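Trainee: Kindly generate the corresponding structure for this input.
(one chain, ligands or ions: 2)
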Amino acid sequence: ALSAVLFDVDGTLADTERDGHRIAFNQAFNEFQLDWEWDVDLYGVLLQITGGKERIRFYIENYAPSLLSKNNLDEWIAQIHKTKTNYFLNLLKEGKIPLRPGIKRLLDELRKNNIKIAIATTTTYENVSTLLQCTLGDSALEWFDVIGAGDIVSKKKPAPDIYEWVLNQLNLPAEACIAIEDSENGLKSATAAGIKTIITISEYTREQNFSYAALVLEDLESTDHTHQIAAQSFDK
Ligand code: XBP
Ligand code: MG
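Mentor: Numbers count the residues shown, from 1 in each chain. Ligands and ions are numbered 1, 2, ... in the order given. Next up, the predicted model:
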């Protein structure tokens with residue numbers, strides 16, 4: 001039977017990338033007087049690298065390599081990223097980033113049926129806690145048995161580490177869980193951890209390869225989807 005559903009955050013719980021993270025990165029670059037502008041198309045390319053600090057480093061390597069010789073490069077990237085996180089938190093607090101349709105209802109139904117819910121994400125912990133509190137209320141953090149986020153593991157998605165860490169904290173085998181993801185990197189990560197994965201397509205991930213997902217859905221809006229998710233746990 002199904003014991004827990006593990007949720008990705010960016011692109012799955014909310015459409016955070018184009019009008020959230022991307023904007024916050026650009027605001028931080030501006031504050032650091034960098035003339036970098038991550039437009040909507042370029043950001044789609046950069047999304048293949050998960051994790052904000054890792055994404056900034058990848059950008060420097062490919063688009064501004066002269067900066068690679070900069071002293072304390074990692075520290076500088078971390079400072080830019082901290083500034084970016086603060087801008088992103090502001091966007092969340094201003095209510096600019098709603099949950100995707102059906103998410104609140106699905107979380108409610110899982111809780112009602114005593115199915116555990118958890119988070120497995122590459123994004124920073126504060127981004128997750130603030131998103132949940134701003135959209136679902138202050139008590140929402142307590143709904144989740146485990147929140148695995150950011151640098152808690154050193155290898156981010158598509159590596160399985162974050163899902164393995166969450167399974168470990170839940171003390172559950174992969175077979176008792178389902179992951180909900182929006183991207184190929186997320187699908188790879190959950191699948192490599194042995195977890196059956198349902199995809200909800202997002203703007204940037206529409207063309208990706210989801211051939212080995214258990215189920216591919218446009219979104220989680222209709223109640224049928226809850227039954228489809230529940231059904232996944234019976235045909236194992
Ligand atoms: C999401 C990400 C994150 C965000 C930025 O991937 O890659 O890096 O874009 O978050 P996934 P931070 O949905 O597969 O977890 O800047 O806080 O790292
Ligand atoms: Mg995602």
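Trainee: Which parts of this structure belong to which domain?
Mentor: What the record gives for the chain is the domain set 4-15+98-232, 17-93, from automatic domain parsing.
Trainee: Please determine whether the last one lies in contact with ligand 1.
Mentor: Going back to what we said before, that points to domain 17-93. Yes. Judged by Cβ under 6 Å from any ligand atom, domain 17-93 comes into contact with ligand 1 through Glu17, His21, Thr50, Gly51, Gly52, Thr85. Placement of C-beta: from N, CA and C, glycine included.
Trainee: Tell me which of these fall in helices.
Mentor: Members of these lying in helices (criterion: DSSP state H): Gly52, Thr85.
Trainee: about what we covered before: so which of the domains of the chain is the most packed in?
Mentor: Of the domains of the chain, the one with the most neighbours on average (mean count of other Cβ atoms under 10 Å) is domain 4-15+98-232, at a mean of 19.
Trainee: Is there contact, residue-wise, from it to ligand 1?
Mentor: Yes. Against ligand 1, domain 4-15+98-232 shows contacts by Cβ under 6 Å from any ligand atom at 8-11, 121-124, 127, 157, 183, 185-186.
Trainee: Now, those that are in helices?
Mentor: Asn127, Asn185, Gly186.
Trainee: Now do the contacts for the last one.
Mentor: By Cβ atoms under 8 Å, 6 or more residues apart in numbering, the contact list for Gly186 reads Asp8, Gly11, Thr12, Lys157, Pro158, Ala179, Thr197.
Trainee: try 6 Å this time
Mentor: By Cβ atoms under 6 Å, 6 or more residues apart in numbering, the contact list for Gly186 reads Asp8, Lys157.
Trainee: do you know how far it is from ligand 2?
Mentor: 5 Å (Cβ to the ion, to the nearest Å).
Trainee: Tell me the confidence at the residue in the chain positioned nearest to ligand 1?
Mentor: Minimum separation of the chain from ligand 1 (Cβ to the nearest ligand atom) falls at Gly52, amounting to 2.1 Å. Predicted confidence (pLDDT) for Gly52: 98.
Trainee: Now the closest residue to it other than its chain neighbours: phi and psi?
Mentor: Leaving out its chain neighbours, the residue that sits closest to Gly52 by Cβ to Cβ, 6 or more residues apart in numbering is His81, at 5.0 Å. When quoted as degrees, to the nearest 10, the phi and psi of His81 stand at phi -70, psi -40.
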